[in-house]
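[1] okay, here's the prediction I keep looking at, along with the sequence it came from:
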Amino acid sequence: MKDTYLKRLTDIPMEDYLVGGHVACQGCSASLGLRLALKVLGKDTIVINGSGCMTLLPVYPTTPLRVPWLHLAIENSGAAGTALYYALRRKNIDANILCYAGDGATYDIGLQSLSGAAEKNIDMIYICYNNQSFGNTGHQRASSTPRASRTSTTPVGKVEAAKDMTAIMAAHRISYVATACPSYPIDFLNKVTKAAEVKGMAFIDLLVPCPVGWGFDPSEGINIGKLAVRTGMWKLYEITDGRVNLTHIPKKRRRVSEYLCAQGRFSHLSERDIEEVQAEVDQEWSSLEARGYGYEIMV
C-alpha cells in the first residue's frame, strides 16, 4: 500500500491481480473496477463474490485472478466477510477482505447480511459494483434502478426512484462510505486506499456502466461514466465521521439529455420527461451549492 494518495494516472501501480482470459462482456466496467481495486490492495487480498456478473470471471478450472476468490450465493457476501474476518483473526493472518458484489446482491437480496456485517463494523471493504439492475439474469429492475429506466421486468417508465444505499450504510455508523466510478480512476483508487486504511467496515458504491443492459456500444463505457458525473446524475462523494464531502464538482454541468439519450434504456423518454429529470438534478445541485458542497448528516 502506498503511503500517499495517487495524483495522476502514471501513479497507478502497474502490477495486475486480475489478468486476461475471463468471459465477462466486452466493455465491462465491473471487471475494470475490480482490476483497479486490486492494484492498490495488492496480493494480500481475499475477494468474496456473491453470485452476479463477476461470477463469470473464474470459470473452473481456470481463473484470471492472482488472489484468492470465494464465490457463494448472491445473498451471502456480508455474512461470508464476517466469518472470514473472525477466521483470519484466530489464525493471526493479516489480509484485506474485499467483498465485491453487484447491486442486486447489495441493495436487495444481500442487504440483510450486509447490514449484519456493518452493525458489527467488521474490518473489511465492501464494493458494490452497481450496474443499476440485476444484470447477470437479464437486467431486471432492482432498487438501484434509476427512475424511468427501461428494464425487462417493469413497464416502460414505471420504475420508482432508486434507493439511497450510501445513506443506509452511513446510518450504520461504519468507518467510511463513498461513491465512485471507474471513469474517474484516481478518485476511485484513492477511496479504495482510504477504505483499506480505516479500522472497521468501508463501503463504496461503484457505478459501472453496462453496455448490454444500458444499451450503448461497448467502447463507450468510460465516456458514459464520465457523462453520468458531468451531468450531475451520479455524484462522487465520501462520508467520514458523519460528514459528506463531494470529491468532484463539475466545472459546468452538462445537460442530462447527453447522458440519457446515449443509452437505449432511456430511449422512450420524451423531451418533457428529460426536462423533468433535468429539473430534479438542478434542484439537488442547488441545494448542495447552498450547503457549500459539504454537510453533516445525522447518523
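    Noted; the coordinates are in hand.
[2] which residues of the stretch 1-150 of the chain score low on pLDDT?
    Residue ranges of the stretch 1-150 of the chain with pLDDT under 70: 1-4.
[3] for it, which segments count as helices?
    29-41, 77-90, 111-120 (DSSP state H, counting those that start in this stretch).
[4] could you figure out how far the shortest one is turned away from helix 77-90?
    The reference is to helix 111-120. If you take axes from the mean of the first three to the mean of the last three CA atoms, to 10 degrees, helix 111-120 sits at 40 degrees to helix 77-90.
[5] distance to Pro64 and mean neighbour count added to the helices of the stretch 1-150 of the chain, as TSV?
    All C-beta atoms are positioned from the backbone trio N, CA, C, and that covers glycine. Shown next, in TSV, are the helices of the stretch 1-150 of the chain (distance: least, CB to CB, whole Å; neighbours: other CB atoms under 10 Å):
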stretch	distance to Pro64	mean neighbour count
helix 29-41	9	24
helix 77-90	20	19
helix 111-120	26	19
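[6] quick one: which of the ones you listed is nearest His268?
    Evaluated over those, closeness to His268 peaks at helix 29-41, with 23.6 Å, by CB to CB.
[7] adding distance to Ala161, write the helices of the stretch 1-150 of the chain out as CSV.
    As requested, these are arranged in CSV below (distance: least, CB to CB, whole Å):
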stretch, distance to Ala161
helix 29-41, 23
helix 77-90, 24
helix 111-120, 17
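[8] tell me which of those sits nearest to Thr10.
    helix 29-41 (13.0 Å).
[9] quick one: the closest one to chain centroid distance?
    Distance of helix 29-41 from its chain centroid, counting by CA atoms, centre = their mean, to the nearest Å, is 11 Å.
[10] what helices or strands is that helix leaning on?
    Helix 29-41 is packed against strand 45-50, strand 96-102, strand 125-130, helix 185-197, helix 221-230, with contacts defined by 3 or more CB pairs under 8 Å, 6 or more residues apart in numbering; DSSP states H and E.
[11] for the ones you listed, give me a markdown table that also has mean neighbour count.
    Shown next, in a markdown table, are these (neighbours: other CB atoms under 10 Å):
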| stretch | mean neighbour count |
| --- | --- |
| strand 45-50 | 24 |
| strand 96-102 | 27 |
| strand 125-130 | 28 |
| helix 185-197 | 21 |
| helix 221-230 | 21 |
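[12] closest to His268 out of the ones you listed?
    Taking the helices and strands packed on helix 29-41 one by one with CB to CB, helix 221-230 is closest: 18.0 Å.
[13] same for whichever helix or strand comes after that closest one, what does it pack against?
    Beyond helix 221-230 in the direction of the C-terminus, DSSP states H and E gives the next helix or strand as strand 237-240. Counting contacts by 3+ CB pairs under 8 Å, 6+ apart, strand 237-240 is packed against strand 176-180, strand 243-246.
[14] now the first one - C-alpha only, PDB.
    As requested, C-alpha coordinates have been extracted for strand 176-180 and formatted as PDB (Å, rounded to 0.1, in the frame of the first residue of the first chain):
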ATOM      1  CA  TYR A 176     -16.100   5.000   5.700                       C
ATOM      2  CA  VAL A 177     -18.700   5.400   2.900                       C
ATOM      3  CA  ALA A 178     -18.200   6.600  -0.600                       C
ATOM      4  CA  THR A 179     -19.400   6.600  -4.200                       C
ATOM      5  CA  ALA A 180     -17.100   6.200  -7.200                       C
END
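[15] please identify the helix or strand for the most centrally placed residue in the chain.
    Geometric centre of the chain, nearest residue: Leu206, 1.7 Å, by CA atoms, centre = their mean. Assigning secondary structure by DSSP H and E places Leu206 in strand 202-207.
[16] parallel or antiparallel, list what pairs with that strand.
    strand 125-130 (parallel), strand 176-180 (parallel) (DSSP bridges).
[17] could you export those strands as TSV, including distance to Pro218?
    TSV is the format used below for the strands paired with strand 202-207 (distance: least, CB to CB, whole Å):
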stretch	distance to Pro218
strand 125-130	16
strand 176-180	21
